[in-house]
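Visitor: quick one: sequence plus predicted model below, questions after.
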Amino acid sequence: MNVSMSVLRKPLALAAVTAVMFSAVACSGADPTSAPPPASNTSVSESAGEPTPTTSASPTGSASATPSARPTTNTQGNDALLAAGGLGSKEISKGTVVSIESERNGWEVHVVSSGGEEQQLRTDASGERLVSGPSDDRPDAEDRAENQQFAQAAVSYQRAVRAVEGEVDGAEIRDLSLDRDNGRTLWEADVVVGSQQRQVQIDADNGKIVSNRADD
């Protein structure tokens, strides 16, 4: 049986090509039957690539934007004044406290008797400890007559303090004293409210507010 040489050459050539291909793949280490690796995703997620923004609180506006709370009564400062008056009444019995004035390191208290005599003493800043006195203030005849009128005042210094606190919210009383004005006996209170200074007058006979004005 005669077979053409050209027919035999074709299978031999195909086998040779196939052998060369498998040899090349084997050298490269790749699996000819595996699928090609997926293309790498080079894009970066926005959420991973960018920092999370921080929300800062907006600064507060002007003072007019947020209403400020009303000040409360300064009971601590007034408690010291009341304590100083109480100590004066204790140290000088049978007398009327007519003046309580703030000093640099405490309070000065004046007490008068029904006969017009006047004595004074000084306390510490709390009003609870005696620093000096009592000592005789030696009033003259005019002051003695005025002291006799002060001793008859129906409104005590405690009641005058309460009247001021009810009239001026946040009031800190620095000085409180009896005075005569147009034939009337009045309690006069020098008051501080924040940065403002005021003077309040109270009728010493009935405890009513007579005036409340800025003290320039």
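Guide: Sure thing, it's come through.
Visitor: in a strand, that's where Ala160 is, yeah?
Guide: No. Judged by DSSP: H, G, I helix; E, B strand; the rest coil, Ala160 forms no part of a strand; its state is helix.
Visitor: hey, what's the closest residue to it other than its chain neighbours bridged with?
Guide: For Ala160, ignoring the flanking residues on the chain, the nearest one in space by C-beta to C-beta, 6 or more residues apart in numbering is Trp187 at 4.0 Å. From N, CA and C alone the C-beta is placed, and that goes for glycine too. Using DSSP bridges, the bridge partners assigned to Trp187 are Leu178, Ile202.
Visitor: and for Trp187, the neighbour number?
Guide: 26 (other C-beta atoms under 10 Å).
Visitor: that one contacts Lys208, doesn't it?
Guide: No. Between Trp187 and Lys208 there is no contact under C-beta atoms under 8 Å: 10.8 Å.
Visitor: so what sits against both of the two?
Guide: Ala163, Ile202 (C-beta atoms under 8 Å, 6 or more residues apart in numbering).
Visitor: tell me which helix or strand in the protein has the weakest average pLDDT.
Guide: helix 46-49 (a mean of 43; mean pLDDT, DSSP states H and E).
Visitor: what pLDDT does the model give the spatially closest residue to Ser102 that is not a sequence neighbour?
Guide: Spatial nearest neighbour of Ser102, chain neighbours left out: Arg174 (4.7 Å); criterion: C-beta to C-beta, 6+ apart. In the prediction, the pLDDT value recorded for Arg174 is 95.
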